[in-house]
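Colleague: Just need the structure, nothing else, for what follows:
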Amino acid sequence: MELNSPEAAGLRKPLSVPRILTFEKRLTVILARDEQSVCAYCPELDLVTELPTAEEALEDMVEALKDYAEEYIADLELYTQSPNRAHHLPYIKAIASCKNDWEIKMLLEVQYGLV
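Modeller: A predicted model of the protein is given here:
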């Protein structure tokens, strides 16, 4: 038995490290704070929300992303023909493929700033 083997350490099986699944970052959310509130802005989709705390603003942005994706898909022909919205389709597909809010948050790269 080797000195550094799992058996020598009293372990029967080698330890396995869990894999952490992440998505490639696709959307940016900028949280900008002023004295009264926090603004959440997604420049890729031109969505904005404003609430008292960063947590609330981020949660509201996730809801806005879901709502926009649902609306976009419901009127797909109109949006894909629109010069200022057609390029949103890959983002919409990514959001629509998410099973829950956690997966949507995995698509986000959150940045912080001040107004």
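Colleague: got a list of what Arg26 touches?
Modeller: The contact partners of Arg26, by Cβ atoms under 8 Å, 6 or more residues apart in numbering, come to 44, 90-91, 94, 107. Placement of C-beta: from N, CA and C, glycine included.
Colleague: counting residues per helix, which one in this protein is longest?
Modeller: Among the elements of the chain assigned as helix by DSSP state H, the one spanning the most residues is helix 54-74.
Colleague: okay, Ser16: pLDDT?
Modeller: For Ser16, the pLDDT comes out at 70.
Colleague: What is the burial count for it?
Modeller: Burial of Ser16, expressed as a neighbour count using other Cβ atoms under 10 Å, amounts to 6.
Colleague: So it: helix, strand or coil?
Modeller: In the three-state summary, Ser16 is assigned as coil, counting by DSSP: H, G, I helix; E, B strand; the rest coil.
Colleague: quick one: it from Glu44, how far?
Modeller: When distance is defined by Cβ to Cβ, to the nearest Å, Ser16 is 37 Å away from Glu44.
Colleague: picking that back up, in the longest helix of the chain, which residues are buried?
Modeller: Of the residues in helix 54-74, 54, 57-62, 64-65, 68-69, 72 count as buried by neighbour count, 16 or more other Cβ atoms under 10 Å.
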